[in-house]
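> Mind folding the following:
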Amino acid sequence: MFIAKNFSEFKYLFAESLRAMLSPKEPGALILVLANSLQDEELRNQLNVDVQVTFDEIKKNIDKNIITPTDDDMAVLKALDEFGIGSLCCWETKSVNGWEMIFNPVRSLRPARASAEKIEVINRAFNDQLFNFNKPFLSPEILWEDVWEDVQMRVLYNKFPFAPYHLIIVPEPEQQYAQYLSFEHHEMIWELVQEQHDVFHGFGAGYNSMGACASVNHLHFQGFIRKQRLPVEEHHWHHNGGSEAYPMHCMRFSSADESWKLIQQYHKQNQPYNILYRNDRCYVFPRIPQGTPTVLPMVQGAGWIEECGVFNVSDRSELQSTTAYDLTNCLKSLSVE
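Just a heads-up that it's a prediction; the model follows:
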């Protein structure tokens, strides 16, 4: 079993584990719970009172020097205090001629980490002195940890989610694998997505290589549950058998073996890439390295979700001012020659 027997059980576990994480001495957990609770009204209504009470207690504990948040958490807490967390709305989604925009105010507060660096080499050695998913302070953020198909798995909440039921899936965390994909782990996540699609309908996973806006150099995938198709999955695109060219290079594959041949080439060429894993298929996106000046500002931190046609924004006015032409050009600016 992976996390839960069915989607109802998963939803209950997801919400109650968030609630249990709240503590007046854990500001990082408060930020995570708040960010995850805003993905829909049901979660927000379940958690908003507990979140507000905990936030007020944390502020008092900071003032009394009972707790000392990390610099990252302190910056987020100050911003939330200015906003007023009670005024934060749930995610607001808008369709823009086939693309999707999501107003997600808390997402913008996340620390940049490696996704803001200019990465020259996609195969970088793991460094246990940097942020990784074995850090003891992350223990409260673990949703589930057990063995799936003989592989030790750790599943954490995403502290700043941008997809429904956004998860961080870390295979064999104690092995300290770098964010450099092997065939074994590529095949593992492929099989996990195929199996769980029948349990959590709409289950999928994303992968960012180093240089393609992976923010942590510790092997991980990003799980999510979304029943409706992502824009990249629409039938009119050439890679899905349609007639229209996607704005950036995108290849669709129907097996892990077939897609691995291309991924191997990218490894040899030091080519950054992103992957979307869905039921019976995956999509591979080669892209120019993060930090390249020609990349448009809106997608300077873009990973697999933006390349699939979903754009998170932190200013509601962008929902009205951004056009489909703008979003198409954003993807074109990521495309390799």
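
> which helices and strands sit right next to the host helix or strand of Gly206?
Assigned by DSSP states H and E, Gly206 belongs to strand 203-208. Here strand 203-208 touches helix 183-197, strand 221-225, strand 273-278, helix 304-307, going by 3 or more C-beta pairs under 8 Å, 6 or more residues apart in numbering; DSSP states H and E. Backbone N, C-alpha and C define where each C-beta goes, glycine included.

> Let's see that with 6 Å instead.
Other elements packing on strand 203-208 under the criterion 3 or more C-beta pairs under 6 Å, 6 or more residues apart in numbering; DSSP states H and E are helix 183-197, strand 221-225, strand 273-278.

> okay, the ones you listed in TSV with distance to Ile3 next?
Shown next, in TSV, are those (distance: least, C-beta to C-beta, whole Å):
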stretch	distance to Ile3
helix 183-197	8
strand 221-225	9
strand 273-278	16
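
> Arg252 should be in a strand, yeah?
Yes: the assignment for Arg252 by DSSP: H, G, I helix; E, B strand; the rest coil puts it in a strand.

> And it, how close does it get to Glu244?
Relative to Glu244, Arg252 is positioned 14 Å away (C-beta to C-beta, to the nearest Å).

> go on, Pro164?
Going from Pro164 to Glu244 by C-beta to C-beta gives 27 Å.

> Tyr277 too?
Using C-beta to C-beta, we find Tyr277 at a distance of 23 Å from Glu244.

> Identify the bridge partners of the most centrally placed residue in the chain.
Centroid-nearest residue in the chain, with C-alpha atoms, centre = their mean: Gln222, separated by 5.2 Å. Note on Gln222: beta-bridge partners by DSSP bridges are Ile168, Gly206.

> Read off the pLDDT value for it.
On the pLDDT scale, Gln222 is placed at 98.

> Same question for Ile169.
The model's pLDDT for Ile169 equals 98.

> wait, what's in contact with Gln46?
Gln46 makes contact with Ala15, according to C-beta atoms under 6 Å, 6 or more residues apart in numbering.

> about what we covered before: surely the residue nearest to the centre of the chain touches Tyr207?
No: Gln222 is beyond contact range of Tyr207, at 7.4 Å (criterion: C-beta atoms under 6 Å).
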